[in-house]
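>>> I'll drop the sequence and a predicted model, then ask my questions.
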Amino acid sequence: MSTTDNSDIISLNLRFRNSQNRNVIFVIEVSKNDLVSVIADRVRGILAPHLPVRPHNFHLQQIYPTSIQRRRMQPENMISDYFPENPDEDMIHIFVYPPLSPE
């Protein structure tokens, strides 16, 4: 378990799209010292009421900063690998996709 202080906490804006809910935007606060899997766990809890079935996993795609090529976020990586600095609070930072097929 990591120790955190306020300088480690960042706010991330996430956007979820699928055929049932075309656009659900929400904000989570996480520690940059946590693993990306923490984001996936939080997403699962937040989106559960919006989904007919609860997916085991979500695909997270980093889309901020816009100067980078979009990349899939790996659950075993640290959040700081993707967001070493505090992102612009007015932008969407991560797209969330349900799995398309069992992996």
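Here it is on my side, so go on. Model, not experiment: these values are computed from the prediction.

>>> partners of the closest residue to residue 89 other than its chain neighbours in the sheet?
Leaving aside its chain neighbours, residue 89 sits nearest to residue 11 (6.3 Å; criterion: C-beta to C-beta, 6 or more residues apart in numbering). (C-beta placed from N, C-alpha, C; glycine too.) Beta-bridge partners recorded for residue 11 (DSSP bridges): residue 29.

>>> OK, contacts around residue 11?
27, 28, 29, 86, 89 (C-beta atoms under 8 Å, 6 or more residues apart in numbering).

>>> Now rank the residues you listed by neighbours and give me the top one.
When neighbours are taken as other C-beta atoms under 10 Å, the top entry among these is residue 28 (17 neighbours).

>>> quick one: secondary structure of residue 41?
helix (DSSP: H, G, I helix; E, B strand; the rest coil).

>>> separation between it and residue 90?
In this view, residue 41 and residue 90 are 26 Å apart by C-beta to C-beta, to the nearest Å.

>>> try residue 60
Residue 60 is 20 Å from residue 90, by C-beta to C-beta.

>>> Looking only at neighbour counts, state which of the two leads.
residue 60 (24 against 6).

>>> where's the more buried one, which helix or strand?
Counting by DSSP states H and E, the element that carries residue 60 is strand 59-62.

>>> List the contacts of that strand.
By C-beta under 8 Å, 6+ apart, strand 59-62 touches 36, 39-40, 43, 68, 70-73, 82-83, 93-99.

>>> How far off centre is that strand?
Centroid displacement of strand 59-62 relative to its chain, using C-alpha atoms, centre = their mean, to the nearest Å, is 6 Å.

>>> Which elements pack onto the next helix or strand after that strand?
Downstream of strand 59-62, the next assigned helix or strand under DSSP H and E is strand 71-72. Using 3 or more C-beta pairs under 8 Å, 6 or more residues apart in numbering; DSSP states H and E as the contact test, the elements touching strand 71-72 are strand 59-62.

>>> as a whole number, average confidence for the strand it packs on?
Averaged across strand 59-62, the pLDDT comes to 92.

>>> How about stretch 44-52?
Rounded mean pLDDT across stretch 44-52 is 78.
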